[in-house]
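Novice: Give me a model of this one.
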Amino acid sequence: MKYEDIPLINNEAIHNFELTVDGVRSFIDYKKRGEIIYLIHTEVPEEMEGKGIAAALVEKTFAYLEQHNLKMVPLCTYIQTYLKRHPEWNKLRAVFD
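Specialist: Numbering: from 1, shown residues only. Okay, here's the model as predicted:
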């Protein structure tokens with residue numbers, strides 16, 4: 001994965017997981033309910049598209065969720081597509097009975 005040296009920021013005030021590359025901020029918008037994170041929208045500015053930033057952002061977010069024993073509901077279509085390519089992360093999906 002590229003960008004491993006760039007830290008993921010959990011900006012709880014505005015409910016964003018953020019990655020800043022070359023001074024440009026990309027983010028995943030989320031809502032937290034208890035131990036479940038609803039991943040709503042991934043956004044990478046147009047000038048940064050095609051550089052693997054969205055994938056790095058998702059990967060870092062998943063690692064963060066795993067480290068903090070959180071589960072996720074992937075509402076974002078990019079994240080849903082990412083999970084199809086990387087099914088090992090489905091272990092983080094929240095299960096509702």
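
Novice: CA atoms for contacts and neighbours, from now on please.
Specialist: Will do.

Novice: can you give me the helices for this protein?
Specialist: Along the chain, the stretches classed as helices by DSSP state H are 53-67, 77-85.

Novice: Please identify the most buried of these.
Specialist: Burial of the helices of the chain is given as mean neighbour count (mean count of other Cα atoms under 10 Å); helix 53-67 ranks first at a mean of 19.

Novice: For residue 48, grab the count of nearby residues.
Specialist: Neighbour count for residue 48, taken as other Cα atoms under 10 Å: 15.

Novice: circling back: so which of the helices of the chain gets nearest residue 92?
Specialist: helix 53-67 (7.0 Å; Cα to Cα).

Novice: which helices and strands sit right next to that closest one?
Specialist: Secondary-structure packing of helix 53-67 (3 or more Cα pairs under 8 Å, 6 or more residues apart in numbering; DSSP states H and E): strand 16-21, strand 24-33.

Novice: I'd like to check the angle between that helix and strand 16-21, please.
Specialist: Angle, helix 53-67 to strand 16-21, by axes from the mean of the first three to the mean of the last three Cα atoms, to 10 degrees: 130 degrees.

Novice: And the contacts of helix 53-67?
Specialist: With contacts defined as Cα atoms under 8 Å, 6 or more residues apart in numbering, helix 53-67 is touched by 1-4, 8, 17-19, 26-28, 42-44, 71-72, 79, 82, 89, 92.

Novice: Which PyMOL command selects the buried ones in the residues you listed?
Specialist: Of these, the buried ones can be selected in PyMOL as follows, counting by 16 or more other Cα atoms under 10 Å:
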select buried, resi 8+17+18+19+26+27+28+42+43+44+71+72+79+82+92
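
Novice: coming back round to it: any chance of CSV for the helices and strands packed on helix 53-67, columns distance to residue 96 and mean pLDDT?
Specialist: Compiled in CSV, these are given as follows (distance: least, Cα to Cα, whole Å; pLDDT from 0 to 100):
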stretch, distance to residue 96, mean pLDDT
strand 16-21, 24, 97
strand 24-33, 13, 98
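
Novice: Cool, thanks, talk later.
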